[in-house]
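[1] Turn this into a structure:
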Amino acid sequence: MSKIGFIGLGNMGGPMAANLVKAGHDVKGFDLVAENLATFSGAGGQAVGTVADAVQDAEIVISMLPAGKHVSAVYTGPVGVLENTPAGALLIDCSTIDVTTAREMAEKAAASGFDMLDAPVSGGIMGAQGATLTFMTGASDEAFARAEPVLAQMGKNIIHAGGPGNGQAAKVCNNMLLGISMIGVSEAFNLADKLGLDRQKLFDISSTASGQCWSLTTYCPVPGPVETSPANNDYKAGFSVAMMLKDLKLSQDAANSAGVDTPLGAHATQLYDAFESNGNGDVDFSGIIKYLRTL
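    Now for the predicted structure:
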């Protein structure tokens, strides 16, 4: 088993770190929120007071942070990961951040003698708790081979997307598609309601026809057809509007940087932005169906 330093013990990082403890690793965790540290301690981890404390004897460092600026600060600051982690340790950033920062961090890590992966996840809080996450990784072949065994203890699908930054590229492309498809499914159900078509009938037809997609069959935005969807729990977030909007904005930043026109992605960003602005940031992103009904 490995000595692991885990930075960021929030809704996603906390259960991910707890799963590593369950797997028998020696895990030191750091977070700015005292409650998150207490929860981690309750799960058997060792809570510490600084990033440097978490990584000082680590063989593997894993981070799960809100944005690129936080990743940059944690890794490159004077009391950060690169300055305080033993030589040869493996660095894995599971945050969802911009592609440019991910590639910059990989370059700086390599210059300091570390292998580093960007490894954003899909699967939400339930996936983090159940160790069923999908990891989209960007790294060299050698770094991926080193990381795969530990990632497999937090997820069930570990995919090597290519070189540094490609994990983030895969994440923003996937979540842009997810945001668009959820709006499409929501529009279809709203139209069916107005046309007098029973929701279950639409689900039974579209789930086995050309309209089939994950937003329909796994995460259906209306109560009834899919028992485990947030629609049956008053849209309590598994993946919040705020998180979807963050990823959509990252997709648009990436599209602008690459000179690619994504009109549906841009419009989806506008719709989720408007929905969040009405005080719905903590609602599950499938709740966009309620906003679309008001237009």
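
[2] So what touches the lengthiest strand in the chain?
    Assignment by DSSP state E gives strand 155-162 as the longest strand of the chain. Identification of contacts with strand 155-162 by CB atoms under 8 Å, 6 or more residues apart in numbering yields 121, 123, 127, 131-139, 141, 144, 148, 151-152, 167, 169-170. For glycine as for every other residue, the C-beta is placed from the backbone atoms N, C-alpha and C.

[3] Buried ones among those?
    Neighbour-count burial (16 or more other CB atoms under 10 Å) is assigned, among the contacts of strand 155-162, to 121, 123, 127, 131, 133-139, 144, 151, 167, 169-170.

[4] Among those, which pair sits farthest apart?
    Greatest spatial distance among the buried ones among the contacts of strand 155-162 (CB to CB): Ala131 and Ala169, at 24.7 Å.

[5] Quick check: chain neighbours aside, which residue is closest to Arg103?
    Gly165 (4.0 Å; CB to CB, 6 or more residues apart in numbering).

[6] And the one you found, how far from Val172?
    As defined by CB to CB, to the nearest Å, Gly165 lies at a distance of 11 Å from Val172.

[7] who touches both of these two?
    Here Gly165 and Val172 have Val99 as joint contacts, going by CB under 8 Å, 6+ apart.

[8] Sketch out the helices for this structure, chain order is fine.
    With DSSP state H, the ranges of helices along the chain come out as 13-22, 34-42, 51-55, 68-76, 81-84, 99-111, 124-130, 141-151, 166-195, 199-206, 214-217, 241-258, 263-275, 288-293.

[9] Distance to Ala231 and mean pLDDT for those - can I get that in CSV?
    Shown next, in CSV, are these (distance: least, CB to CB, whole Å; pLDDT from 0 to 100):
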stretch, distance to Ala231, mean pLDDT
helix 13-22, 23, 98
helix 34-42, 28, 97
helix 51-55, 39, 98
helix 68-76, 32, 97
helix 81-84, 40, 97
helix 99-111, 32, 97
helix 124-130, 15, 91
helix 141-151, 31, 97
helix 166-195, 10, 98
helix 199-206, 10, 98
helix 214-217, 11, 97
helix 241-258, 14, 96
helix 263-275, 15, 98
helix 288-293, 8, 98
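
[10] domains of this structure?
    Here the domain parsing of the chain from automatic domain parsing is 3-163, 169-293.
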